[in-house]
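# got a sequence here, can you model it:
(3 chains)
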Amino acid sequence: MPYDRLDKDVDMMKKAGINVVRIAESTWSTMEPQEGVYDFSHIDRVLNAMHKAGINVIIGTPTYAVPTWLVKKYPDVLAITSRGQNQYGARQNMDITNPHYLEHAEKAIRKLLEHVKDHPAIIGYQVDNETKSYGTSGPNVQQQFVAYMQKKFITLDSVNRAFGLDYWSNRINNWNDFPSVNGSINASLSAEFARFQRLLVTNFLSWQAGIVREYKKPAQFITQNFDLDWRGHSYGIQSEVDHFAAAQTLDIAGIDIYHPSQDRLTGAEISFGGDITRSMKGGKNYLVIETEAQGFPQWVPYPGQLRLQAFSHLASGANMVSYWHWHSIHNSAETYWKGLLSHDLEPNAPYEEAKTIGADFARLSDHLVNLQKKNEVAMLFSNEALTGFNSFPIGENYNGILRPMYDILYRMNVGVDFIDPSSKTLEDYKLIVVPVLYAAPDSLLRRLNRFIEKGGHVVFTFRSGFSDQYVKVRDVRQPGIISEACGVRYNQFTVPEHVSLKGDPFQVGKDKNYIEKWMELLEPVTAKVLAYYDHPAWGKYAAVTENTYGKGVATYIGCLPSQAITEKILEHAVKDAGLWGPDQALKFPLIVKSGTNRLGKKIHYYFNYSAQQQQLVYPYQTGTFLLTGKKITNNNTIELPAWGFEIVEEN
Amino acid sequence: MPYDRLDKDVDMMKKAGINVVRIAESTWSTMEPQEGVYDFSHIDRVLNAMHKAGINVIIGTPTYAVPTWLVKKYPDVLAITSRGQNQYGARQNMDITNPHYLEHAEKAIRKLLEHVKDHPAIIGYQVDNETKSYGTSGPNVQQQFVAYMQKKFITLDSVNRAFGLDYWSNRINNWNDFPSVNGSINASLSAEFARFQRLLVTNFLSWQAGIVREYKKPAQFITQNFDLDWRGHSYGIQSEVDHFAAAQTLDIAGIDIYHPSQDRLTGAEISFGGDITRSMKGGKNYLVIETEAQGFPQWVPYPGQLRLQAFSHLASGANMVSYWHWHSIHNSAETYWKGLLSHDLEPNAPYEEAKTIGADFARLSDHLVNLQKKNEVAMLFSNEALTGFNSFPIGENYNGILRPMYDILYRMNVGVDFIDPSSKTLEDYKLIVVPVLYAAPDSLLRRLNRFIEKGGHVVFTFRSGFSDQYVKVRDVRQPGIISEACGVRYNQFTVPEHVSLKGDPFQVGKDKNYIEKWMELLEPVTAKVLAYYDHPAWGKYAAVTENTYGKGVATYIGCLPSQAITEKILEHAVKDAGLWGPDQALKFPLIVKSGTNRLGKKIHYYFNYSAQQQQLVYPYQTGTFLLTGKKITNNNTIELPAWGFEIVEEN
Amino acid sequence: MPYDRLDKDVDMMKKAGINVVRIAESTWSTMEPQEGVYDFSHIDRVLNAMHKAGINVIIGTPTYAVPTWLVKKYPDVLAITSRGQNQYGARQNMDITNPHYLEHAEKAIRKLLEHVKDHPAIIGYQVDNETKSYGTSGPNVQQQFVAYMQKKFITLDSVNRAFGLDYWSNRINNWNDFPSVNGSINASLSAEFARFQRLLVTNFLSWQAGIVREYKKPAQFITQNFDLDWRGHSYGIQSEVDHFAAAQTLDIAGIDIYHPSQDRLTGAEISFGGDITRSMKGGKNYLVIETEAQGFPQWVPYPGQLRLQAFSHLASGANMVSYWHWHSIHNSAETYWKGLLSHDLEPNAPYEEAKTIGADFARLSDHLVNLQKKNEVAMLFSNEALTGFNSFPIGENYNGILRPMYDILYRMNVGVDFIDPSSKTLEDYKLIVVPVLYAAPDSLLRRLNRFIEKGGHVVFTFRSGFSDQYVKVRDVRQPGIISEACGVRYNQFTVPEHVSLKGDPFQVGKDKNYIEKWMELLEPVTAKVLAYYDHPAWGKYAAVTENTYGKGVATYIGCLPSQAITEKILEHAVKDAGLWGPDQALKFPLIVKSGTNRLGKKIHYYFNYSAQQQQLVYPYQTGTFLLTGKKITNNNTIELPAWGFEIVEEN
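Model (predicted):
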C-alpha cells in the first residue's frame, strides 16, 4: 500500500459485504526480514482490524516466494531445471525438496502459527499457493528420483523392459549410472519423472498441512489454492499436480479460476473449475480462493458480469467467492492485473456492483450455500494419460481435446462430475466420457469394460487404451483391452486432409462435416458403424462406432471430428443413457445449473451468458425467484436481461 | 582491402568531392597486435595520403571491438548479461566497466593519440562508436549498481517502498542480500537498473572524451556516433542511451541514420534522426557520421535518391553527410551491407551520383552549412517513460507510438524539436506533443501544467502521468497531476475490440474510424469531449478531450486511434496553436524544410519523395533556386521530378 | 520387443521375401552393459535365426549412441556445442573426437567383430550411422582446429588476409589467442570451421572402416548410412558431410531416404537421393539402407504406393531397399515412426503389399539389380558453396535453390548425375547445371570456362563465382572468372518487389511471370539477353543471358525467377545441348527412368505418380513388360493405374 489506509479499506470492504480476507501468503521477506528475525506487526494489525470489523481471515503460509536472504545464504534453494538454475525474482522459483528451503520454511510457518493461532478472526489456513514442482530436476532431485525408482521397480531390468530403454542405447545397467531425465527422449521415462514430480507436490502439501494441523483449532480448516492448466486463462486439467491425491490432505478444496470476460465471457471456466474442485473431495463444496474482479485490461467486466460470475460460482457448488485482489498493485509484475479497486483506491464501477453481490449473498446465504449436486454424467481424466499423450500430441494436446468435450456438455446443460483413475465411484454414473485415455493400466481399462457390461454408457475417443501406465504402447490389436467392450479394432492410423464423414451421418451440414485431426482406420468386430470416412483410400474404414456390451453401450470415436460432430455424438450418448431432460431443451447462452440447498429444496439457476435478452419456459414445479421473492409456476416464462440471471427455489 | 590501392581510392574520393574520412575506429587488433606492441603504420599511411589530397580525417578511438589477446588474457572482459557470458566474435560484446578493458583501452587511446595528435589532417575525434552498456550485468556490474542504489536511496526502506518490493517476497532487508536484477519481475527495479546502465554509457563516453581532450588541439572537435532504436533501420528513441546527457561531453553531436530506400524512401528517418541529433545540443548543427550509400541489397538507391537523401540531411541541420562505407567489404558480417563502391571497387551508378553531390556541396557550401532552425513545436520524449512503458506495453512499445506521431507531423511539414525531461526550454515552444509519458516525476508533470497555464498547447496520449519516476503507479485518480490541466479523469481502462468513435467526429470515414489499441474510460471534469467511444458498454466514456487551462489548451487522447484520427487531432492542435501556415498546405510526398543560413538568409528546401513528378506554388518572397541560380517569385510554380528537389534562398 | 517372438518374426520376414536385415547398430548399452563386460547373446541369437532362415545380415557398429556408464565415467564424451554441453538422452550427442569415446568405441567395435566375424550370415558391415560432427566445438575440438589451421595456412597473416579478420578487430596475432569460432561473425572463419567439421566426419568414418577392414572377409562390404539435408523429410545436399569424400572409405554407398507420401508422394526424393548416392562412388549401385514403410502417421502409404516406391528406388540404381524398421517400437522417440508392422506385430496392409514386392524382386532380380545409368546432364553441387551461401542467404538457402532445379529436371524426365568440385569427369556431360556456386576456387571456375569452351553447356544461377573458396568476395567485376564464358557483368544487385520479365519472354503467362528473390543488375558484354527486368528503375538491366563461348554455351540466370520461368530456361538449355528426346515428351506425373541391366539390356521404368490413371505411347523398340511377361512394340499404348508402374526390357 502506498500509504496507510487500513481503516478506509476495512470500511469499504464492509460496505461491499466482504466477510473473508486472505492474508500473509507470499510475504516471507516482510515477516522474516532477516534469518530468525520475525516481524508480525503487519499481520497483527490486519487481524485486529478485521476482527473488529467482523471480517474473517484465512492465513496463508508465506512459502511460495522466498526472501533474498535465504537465497543469498543458500543459493541451492533456487531450483535447477532443464533450462539451468533459476534466478532470483519470480515466485515459485525454488526447489521444493531443498533441505534449506524446507528447514527455513518450517521455522517460518511454525513461528507464524505460534504467533497467530489464538486470534479469533482466523477461520482457516491456506498452505502455500498454487504449488507445483516448478520443473525442479537438479542433482538433489535426481537422487530422490533414483531412490524412488529403485523402491518402485526394484531392478533395473524391470525399468529397462517397461520403458524400452534398449532403444538408442539408453539402457541403464547400474543405478549409479542413472542419467538425469532432463535430456531424455524416452517418453516413458519422462512420464515417470513427471509422476514423481507430481508426488513431490502431494508430499509437500501434506507436509505443510501436517505442520499447520499441529496448531489449528478444530473449527478451522486447511485449504490450498489449486489452479488449472493455463491458456491465457484457466483452461484445463493441471498437468503438474495430482489434484485428487493432493486434496486428500486438505479439509476443503480451493481453486483459482480466471476466465475471459466481456464478449468472451461464457461461464465455461467457472463451471469447469468448479466441477473439478467439487470433485476433488467427492462432491464437497469448495472455495473459490481467487478469481478476477477486473483482472487483465481486456477482462474489465461489462455492467452485470461481475454479478453473473459470482452467482455462477455458487451454482457450481462454491461456498466462497474471493477476488484476487482487493486493490490494484502499484508496482511489479501484476500492476496491470487489476483488483476490485483501481490504483486510485476509490469506489469504481466494479466495486459498486460488488456491493450488490455482497448484499444479495448476505440476504440469501441460507438458500445458496452448501448446494448439493447429484450428477449422472462424469468425465474421466487422468494425469498419466495427459502426460503420455502430450509426449505424442496431434497438433492439439490432452486438455485441448478434453476441454472442448466438456464445453459441449456445459452448453448442453448436462451436469458433470470429474473422476480420475483413483475414483471408486464409477458406478454412481450412467454415462462416462473418456477423452484420450492414452496411458492406463490394465486394471482401469477392465473396470471400464465391467462398468459398461453392467449397464453403463461410455464414450471413448481415439488413442484411449493405447499404452500402459508406463506409456508403453500395447502390443495387441488396438484399442487393446477396451476392444472387448467397444467391439472395434485397428492397427493403422494417419492424419486426415480434406476428410469428412461419408454421407454426413450426423447431419451437421457440409461446412461442419470434417475431421480435424487424427484418424484411426477402424474395423468393426461387433460394433455398429455410426460413421465411415469419406476418402478415396480410407473409405472402407470406420470413424465412429457404437457397441452394445452386456447391458451397456460403448461409443468409440476414432478421430478428432469437428465440434459440431462431437456435439451430435455426445447428444446421442446422453439420449441413449436416458439423460435427456428439460434442461437440455435449453442451450447456451442459456445456462441452467441446479442442486439442493441446505434447506433441502431444489434450486435452479438460469444464466444468460449473452448481451441479448433471453427468455425461457420454466419446466419445473412452482417455486420462488430468490432475488425478488416473486412466485413462478410451471410453464411460466422467465425473462433474462443481457448478462442477467434468476434463481428459482422450488417450493 | 584485398590489395593496395590507397592512391586510387584517394583519387576516386577527390573526384567525388569527399573531403572528410573517418578512420581507426574498431581496429584495435590491428593497431595493438599484441599487448603493448603498437603498429600505427596503416594509420600514418592513410593520414599522410589524405593530407596530401586535402581530405580531412576524423580519428575514431578503436575501443568498441576488442582484440583476441585481450580476451584471451582477461576473459572477464566479455560482458555477462542476462543470457550468460558473451562469446568472442562480435563487436560490442565487452563489459564497458571491466577494469582490464578500461585499463587497456585507455593505454591504447593514449598511445594512438600521442602518435597522431600533431597530424595536420585531423579535424576531430570520435570516441568509441554506437556505445551502449550491451546489457552488462555480471557480478562486477551488480556491485556497482548496489553502490549506486545505496548512494541514491540511502536506506533499503526507501527502495522497498518506492519499488513495492514486498510483493512476491522481493523485499530486500540487507544491502548484502541485493539480488541480481537479471531475474527481476519488478519493473521499478528493472527500470532503475536500465537507468543505471544508461548512466554507465554517459560515464564511459565522458571518461573517453576526457582522455581525448588531453591531446586534442583547440580547433579539433570530439564527437560520438550515436544511433537510434532499430527496426530493421533507424527507427526511434535509443532506449539504452540518454542522448541528451551523453551529448554533454561532446563538442558536436554525431549520428548514424539508416533508412529504407527505393519505393519505401520517405525521408522520415532522415528528418527524425536529424531532429533528435540537432536537439541533443540545443539546436546546434550535427554530423551524420554514417548513412547508407547502397547498404542492404534492398536499399540500393534508385537514380536520384542518393542526392535527395544527402540534401535532406542538410535540410535538417546536418553539417556533414558521411557514408558507411567507402567500399563494400569482402569478408565478414557486413559483406552485404554495401558501400559507395561495390566489391569491384570501380565506379558505379551510386558513385557517379555521389560525384554530383560532392560538386554541389562544394559549390553551395556557404549557403547550406550551419542552417539554423527555429521550431515552435516540440515532442517531449523520456528514456524513463520509454523503459517504464515498455515493461507494460500494449502490443506496441514506446517508439511504436512516438514515431508514427512524429511522422504525422513530418508529413504535415511541421518542424519539430525534441525535448526531454532535462530540457529547460519548454517555454520556447507553442505546442508540445507528449506521447505516453508513462513514468515521470511530479515536477515534470507540474511544469507541463504550468506551461499550459501560461498559454502553451500540449497534446498528451493515454498512459501519460500514469506512474512516478520509479514506475510506481500513482495512487490517485488518473491521469493524476496532469488531470488538473486536462480536466479529465478515469480509473478504468480496457482493450478495444471493434470500437470506433461515435459519429466519426473527425470525419475520417468508416474504414479509418477505429481504435487500434488501449482505451481509457475517460470522464470529463472540465474538459470538452472531442470524441466518445462507440460501444454498447463503454459508450458513455470519452476517448479524446480538450481542456482550456489558464491561457493554454490541453488535449488528452485516451486511446491509440487509427493514424487518420491521430492526424486529425494533431492537425486540430497545430491550428489551435496558431501554427498552420503555407507549408502545411503541402503534404507528403512534398516535404518542405526551412531555416536560416549563415548569410542570414531564409532557405526553403522542397523535396519530392515519390516516383511521380510533383508541383507546388511557391508561397514566399522572391528568391533564388540555389541549384540553378534561377529566380523565383511568389506564386510561381515549382516543378519537381521523381525523387527530385529544389532549394530556394530568399533574397 | 515386448516379448520373445523371434521365430515368428523370421517367418513373417521370409513370407515377405525379406533377405537382408541390419542389426546391432546403436545397441552399445545392451552389448556392453558395463565397461569391459560384453554380452553378445542377443546378436548371436538373431544371427543364428537369420542364417537358419537364409536371411543375410548387415552388422552395424553400435557407436552412434553412447551407453550411460560411459557418460557417467567420462562426462566429456558429451559434445560441447555453441549451445553448451549436450545432455544424455538422444543419440548423436557425443564429441566424435573425444579420446575416451574413441578408445571405448574402438574396444567395443573390436570385441563385436572378433565375436561375429566368422558368422556366415554376415554380408557386410555398416560403420556408425548418419554420422556428423553434431556441432562439436568445445576446447578439445578448438585445439584440433587451430592445429589444422596452422598446418593449412602456416602463418596467421595468411589467415587474417584470406578471412578479412581486421574487420571489427577480429585479427588474430598469435596462435594462442585463436578464439572459439562459436561466436564468430566472420563467415569465412565459420566456413573454414564447417569444412573442418566435415573433415572430422570423413576421418571418423575412415578410422572406423579401417578397424572393420581388419576383421571383415573379402566378400563382405563396408557401407555407411548417409542421410540428406532434412526439411521434415529428406530434402537436399547434406551440409555437414562431404559425401563424395566420406564415401571413399566405403565399398558401397548407403543412404536413408524419407519422403512425403499419400497425396504428396512424387518420387522426387527417391530420385534425388538415389542420384546423389549413385554419384558418390561414380555411378556405382548403392543401398537404400533406410526408407519408410509406414513412417510418420501422415506417411501411411495408400494402396500401391509401397510398390511404386520400391521399384522407383531400383530405377535410380539401388540394389537394396530396406525399411526402417521391421516393426513399430513400443516406447521412446520413434513410437510414432511406424515400421512395416504396426505395434500389434500382426500382418497389416503394408505388410501384405510388401509381400508382393518381395516376390517380384525375387522373380525379377536378374533383370533389375545392378542397373547401369549413363546420364548426359549433371548438377554441380558444392559443400563449400552451400556453407558460404547459407551465411548470406536470400530468404532461401542453398538447398532451397538447388532442389527445385533438380525437381524441374526430374519432372522433365532428364536423367541427372551429381558432381562436386572433386569430380574429374566434367567432360562426361553435355550439360552441367550449376546452382549458386557461391564459393569456389579460381581453378574450378576456370575448369567450367574450359568445359564450355570445348563445347559444353552450363547453366549458372546468380551468385555463382561470387566469392573464393574462403568466402572472400572477389574484388573484380562480377561474376568474376566466369564472366569470360558468360559474357556478362554486374556490380549492383538488389531485392525484387513486383518485378517481372519484360514482355514475358518465356511465355509463362502473367501469373507466373515474376522474379521471386534476388536480382543482379546484369549488363551483357558479349552475351545475348534472354530477358530484361520489367521495372521503372532497373529496366535497362538484363535478368537472363546466354553466351556462346568457344564451342559451348553459357546461360546465366541473374535472379531467382518463378519455377515456371526456371523450367523454361532449363528446357531451353536441354534442347540447346541436343538432349531433348522422347522421354521429355512425357512429364510428371509420368516419370521415366532407364538404364542397362546386367544382361546388357535396356530397361525403361514408367511410373504414374498420381491417383489418376495415365497412359503413354511407348517410343522405343520392341520389348517385354517384366511384371507380366507381355510383349510391347513401338507406338503401343501403356496404361498405368493410379500409383502404378510398368517395366519394359528392350529385346
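# how far does the helix of greatest length in chain A sit from the chain's center?
With secondary structure taken from DSSP state H, chain A has its longest helix at helix A:187-215. Relative to its parent chain, helix A:187-215 has a centroid offset of 17 Å by Cα atoms, centre = their mean, to the nearest Å.
# the closest residue to A:G54 other than its chain neighbours: neighbouring residues, count only.
Distance criterion Cβ to Cβ, 6 or more residues apart in numbering or on different chains; nearest residue to A:G54, sequence neighbours excluded, is A:N19 at 7.3 Å. Where you see a C-beta, it was placed from the backbone N, CA and C, and this is true even at glycine. The tally of other residues near A:N19 (other Cβ atoms under 10 Å in any protein chain shown) stands at 18.
# give the contact list for A:N19.
If you count contacts by Cβ atoms under 8 Å, 6 or more residues apart in numbering or on different chains, A:N19 has them with A:54-56, A:358, A:362.
# one step back: who touches the next helix or strand after the longest helix of chain A?
Next in sequence after helix A:187-215, counting helices and strands by DSSP states H and E, comes strand A:221-223. Here strand A:221-223 makes contact (Cβ under 8 Å, 6+ apart) with A:58, A:123-127, A:209, A:212-213, A:216, A:249-254, A:287, A:289.
# tell me the strands beside strand A:221-223, with direction?
strand A:122-126 (parallel) (DSSP bridges).
# pull the residues that contact the partner strand.
For strand A:122-126, contacts defined as Cβ under 8 Å, 6+ apart pick out A:20, A:22, A:25, A:47, A:56-61, A:113, A:116, A:212, A:216, A:219-225, A:251-252, A:254, A:289.
# re earlier: let's have the contacts of A:N19 in a markdown table, adding neighbour count and pLDDT.
Shown next, in a markdown table, are the contacts of A:N19 (neighbours: other Cβ atoms under 10 Å in any protein chain shown; pLDDT from 0 to 100):
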| residue | neighbour count | pLDDT |
| --- | --- | --- |
| A:G54 | 10 | 97 |
| A:I55 | 18 | 98 |
| A:N56 | 17 | 98 |
| A:G358 | 18 | 98 |
| A:A362 | 10 | 97 |
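# for these, which one is nearest chain B?
Of all those, A:G358 has the smallest distance to chain B: 20.0 Å, by Cβ to the nearest Cβ.
# element containing that closest one?
Using DSSP H and E, A:G358 maps to helix A:349-368.
# in that helix, what's buried?
A:349-351, A:353-355, A:357-358, A:360-361, A:364, A:367-368 (16 or more other Cβ atoms under 10 Å in any protein chain shown).
# also stretch A:628-635?
Within stretch A:628-635, the residues that count as buried by 16+ other Cβ under 10 Å are A:I632.
# what pLDDT, on average, does it get?
Mean pLDDT, stretch A:628-635: 97.
# other residues contacting it?
Under the criterion Cβ under 8 Å, 6+ apart, residues A:617-625, A:638, A:648 lie in contact with stretch A:628-635.
# cool, stretch A:336-354 as well?
Identification of contacts with stretch A:336-354 by Cβ under 8 Å, 6+ apart yields A:5, A:8-9, A:12, A:16-18, A:292-297, A:300-301, A:303-304, A:306-307, A:323-330, B:392, B:473-478, B:491-492.
# so which of these sit within strands?
Mapping the contacts of stretch A:336-354 onto strands (DSSP state E) picks out A:Y323.
# taking the contacts of stretch A:336-354, please make a PyMOL selection of just the buried ones.
To isolate the buried members of these in PyMOL, using 16+ other Cβ under 10 Å:
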select buried, (chain A and resi 9+12+16+17+18+292+293+294+295+296+297+300+301+304+306+307+323+324+325+326+327+328+329+330) or (chain B and resi 392+473+474+475+476+477+478+491+492)
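# closest to B:L426 among the contacts of A:N19?
The closest of the contacts of A:N19 to B:L426 turns out to be A:G358 (Cβ to Cβ; 48.5 Å).
# excluding sequence neighbours, find me the nearest residue to that closest one.
Nearest residue to A:G358, sequence neighbours excluded (Cβ to Cβ, 6+ apart): A:G17, at 1.9 Å.
# enumerate the residues of the stretch 151-300 of chain A near chain C.
Taking Cβ under 8 Å from any Cβ of the partner chain as the criterion, the stretch 151-300 of chain A approaches chain C at residues A:163-174, A:176-180, A:182-188.
# any weak-confidence spans in the stretch 401-550 of chain A?
By pLDDT under 70, the stretch 401-550 of chain A has no low-scoring segment.
# try the stretch 51-200 of chain A
Applying pLDDT under 70 to the stretch 51-200 of chain A flags no residue at all.
# so A:A24 makes contact with A:T63?
No: counting by Cβ atoms under 8 Å, A:A24 stays clear of A:T63, with 10.5 Å between them.
# ok so, going back, for the residue nearest to A:G54, give its distance to B:E334.
68 Å (Cβ to Cβ, to the nearest Å).
# close to chain C, is stretch A:437-449?
No: Stretch A:437-449 stays clear of chain C (Cβ under 8 Å from any Cβ), getting no nearer than 11.2 Å.
# so how far is that stretch from its chain's centroid?
22 Å.
# quick one: buried residues of it?
By 16+ other Cβ under 10 Å, the buried positions in stretch A:437-449 come out as A:437-440, A:444-445, A:447-449.
# again with stretch A:632-651
Under the neighbour-count criterion of 16+ other Cβ under 10 Å, stretch A:632-651 has A:632, A:638, A:640, A:642-650 buried.
# cool, stretch A:619-627 as well?
By neighbour count with 16+ other Cβ under 10 Å, stretch A:619-627 contains the buried residues A:620, A:623-627.
# closest to C:I109 among these?
Nearest member of the buried residues of stretch A:619-627 to C:I109, counting by Cβ to Cβ, is A:Y620, at 80.1 Å.
# for that closest one, grab phi and psi.
Dihedral pair for A:Y620: phi -110, psi -170, per degrees, to the nearest 10.
# what does the stretch 551-651 of chain A put close to chain B?
Residues of the stretch 551-651 of chain A found near chain B (Cβ under 8 Å from any Cβ) are A:A611.
# in the stretch 551-651 of chain A, what residue is nearest chain B?
Per Cβ to the nearest Cβ, A:A611 is where the stretch 551-651 of chain A lies closest to chain B, at 6.5 Å.
# distance of the nearest residue to that residue once chain neighbours are set aside from chain C?
Leaving aside its chain neighbours, A:A611 sits nearest to A:A642 (4.7 Å; criterion: Cβ to Cβ, 6+ apart). In this view, A:A642 and chain C are 46 Å apart by Cβ to the nearest Cβ, to the nearest Å.
# if we can go back for a sec, same question for the longest helix of chain A: list its buried residues.
Neighbour counts over helix A:187-215 (16+ other Cβ under 10 Å) mark A:187-202, A:204-205, A:207-209, A:211-212, A:215 as buried.
# can you check stretch A:47-61 too?
Residues A:47, A:49-50, A:53, A:55-61 are the ones in stretch A:47-61 that count as buried (16+ other Cβ under 10 Å).
# dump that stretch to CSV, restricted to CA.
What follows is stretch A:47-61, C-alpha atoms only, in CSV (Å, rounded to 0.1, in the frame of the first residue of the first chain):
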residue,chain,number,x,y,z
LEU,A,47,-6.0,-9.4,12.0
ASN,A,48,-7.1,-6.9,14.7
ALA,A,49,-8.8,-4.6,12.2
MET,A,50,-10.6,-7.4,10.5
HIS,A,51,-11.7,-8.9,13.7
LYS,A,52,-13.0,-5.6,14.9
ALA,A,53,-15.0,-5.3,11.7
GLY,A,54,-16.3,-8.8,11.9
ILE,A,55,-14.4,-9.9,8.8
ASN,A,56,-12.9,-13.4,8.9
VAL,A,57,-9.4,-14.2,7.9
ILE,A,58,-7.7,-17.0,6.1
ILE,A,59,-4.0,-17.1,6.9
GLY,A,60,-1.8,-18.2,4.0
THR,A,61,1.6,-19.7,4.8
